[in-house]
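Participant: got a predicted model here, sequence first, then my questions.
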Amino acid sequence: MALAGDGRVTSALFRLADDVVEAGGRALSATAVPLTANWIERAPRHLSAFVATRAAVSAALEKNAHLFLTGPVDKTLGRAAGVSLSLLEELAALPELTALIFQTEAPPPDFATRALWVTNVAEPTMPPAGRAWSLFLDGVEAPEDLLRAQTWAAQALRHSEIEAVLLGQVRKPNAVREVQARVGAVVLAAGRSTRMGQVKQLLPWGRSTMLGEVIGKLRQTAVSEIILVTGHARAEVEQAAQWAAAGDSRVRCVFNPDFAESEMARSLQVGLRALSPNIHAALVALADQPNLDPNLAEAIIQRWREMQAEVTAPVHAGQRGHPLLFDRVLWPKIFTLPLNANPREAVQAAATFEKVETASAASWADIDTPDDYAALQS
């Protein structure tokens, strides 16, 4: 990861290295630009570029989980020179290394797999265009700082080159207070409605259909995309979705070719694969739950921003409901589920789970039979 910015870049570099070590990894931090020599005291082990051969760094990593690499140190001026980018590119290939984290000028070199721009919430700046960036918005402490940071982050994410915006304080151990990133929505609407006896997604609901109501509620949230997974009665369902979208370009339809032989997990896989690469999490809703509460959906998204759990779900009286939010970290496990799997198995596969307590379970009431439909309509 290459770090650049207009403030506290070196602090962010050491914070990231500490996080790698705390997670059980081995980090090589370095600077490609001159900096004050007192930063060397912050590192568990310092290496000079003069001795930083592949063999020497490999040997040092066996004894130290974090190495800090600089160029020559001028003790008179109290300055350490930067390291050449060619050396860093060579060291990045070391198999013992979990992460190479280095400070540089923008734009970062091509061999950097990630780029982080560090700026301050008081006067935030955007990184140079030309490659994908994550941003760290530093100085977020008071409530007014957080509100200012959230507003600015939402504007920054309108730029396609911005992957995510981290809000927090780089000098604190728990540096990241919140992550603002794009969230997509997946609506599962491929079912055959065998117990209902007709396509329940298309049953009237208010001035729309059940499916139209779900799409309309999701359009009231901050999701970047809405993927509708169709199957049975594909043409009719897609037509209803197009009407409900009302020209909203966020709404797209994808088809599950295995809908007749599979369970909802297969539709979930199809929907997740259709989301854009810059989507970090997916809010998964069911087409037969028209009472979906947009405020609850927003609360689930906000809890994910704060906790980054693999699964975030609403809970009422100990009962888990919908919509569920799946962090992208969990998607590879979801893709391995068999055709006959239930999405509950995806929840069970998660390492971290967050609850959003809600006063009512009405927003996820199932409509499976004509009696259900009549009861909820009344």
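Facilitator: Now that the structure is in, tell me what you want to look at. Residues are numbered from 1 along each chain as shown.

Participant: please report how far the spatially closest residue to residue 224 that is not a sequence neighbour lies from residue 157.
Facilitator: Nearest residue to residue 224 in three dimensions, chain neighbours excluded: residue 182, at 4.3 Å (CB to CB, 6 or more residues apart in numbering). To be clear about C-beta, it is placed using only N, CA and C from the backbone, and glycine gets the same treatment. Distance, residue 182 to residue 157, using CB to CB, to the nearest Å: 6 Å.

Participant: residue 33 too?
Facilitator: Separation of residue 33 from residue 157 (CB to CB): 28 Å.

Participant: also residue 286?
Facilitator: Residue 286 is 27 Å from residue 157, by CB to CB.

Participant: contacts only, for residue 47.
Facilitator: Contact partners of residue 47, counting by CB atoms under 8 Å, 6 or more residues apart in numbering, are 56, 57, 60, 67, 68, 69, 70.

Participant: can you put these in CSV and add secondary structure?
Facilitator: Formatted as CSV, those follow (DSSP: H, G, I helix; E, B strand; the rest coil):
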residue, secondary structure
56, helix
57, helix
60, helix
67, strand
68, strand
69, strand
70, strand
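
Participant: just the buried subset of these, please.
Facilitator: The neighbour-count criterion (16 or more other CB atoms under 10 Å) marks 57, 60, 67, 68, 69, 70 among the contacts of residue 47 as buried.

Participant: setting aside sequence neighbours, what's the nearest residue to the fourth one?
Facilitator: This means residue 68. According to CB to CB, 6+ apart, the nearest residue to residue 68 is residue 43 (3.3 Å).

Participant: how near is the one you found to residue 256?
Facilitator: For residue 43, the distance to residue 256 - CB to CB - is 52 Å.

Participant: ditto for residue 162
Facilitator: In terms of CB to CB, residue 162 sits 32 Å off from residue 256.

Participant: cool, and residue 29?
Facilitator: Counting by CB to CB - residue 29 and residue 256 are separated by 46 Å.

Participant: next one: residue 33
Facilitator: Distance from residue 33 to residue 256, by CB to CB: 51 Å.

Participant: more neighbours: the two, which one.
Facilitator: It is residue 256, of residue 33 and residue 256, that has more neighbours when counted by other CB atoms under 10 Å, with 23 against 16.

Participant: dump the buried ones among the contacts of residue 47 into TSV; add pLDDT and distance to residue 172 as well.
Facilitator: Output for the buried ones among the contacts of residue 47, formatted as TSV (pLDDT from 0 to 100; distance: CB to CB, whole Å):
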residue	pLDDT	distance to residue 172
57	94	30
60	93	28
67	96	24
68	97	20
69	97	25
70	97	25
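
Participant: ok, those vs residue 109, which is closest?
Facilitator: residue 69 (15.4 Å; CB to CB).

Participant: now the residue nearest to the spatial centre of the chain: how far from residue 98?
Facilitator: For the chain, the residue nearest the mean C-alpha position is residue 280 (2.9 Å; CA atoms, centre = their mean). Distance, residue 280 to residue 98, using CB to CB: 21 Å.

Participant: next, the closest residue to residue 215 other than its chain neighbours: phi, psi?
Facilitator: Sequence neighbours aside, residue 244 is the residue nearest to residue 215 in space, at 4.2 Å (criterion: CB to CB, 6+ apart). Torsion angles at residue 244 (phi, psi; degrees, to the nearest 10) stand at phi -70, psi -30.
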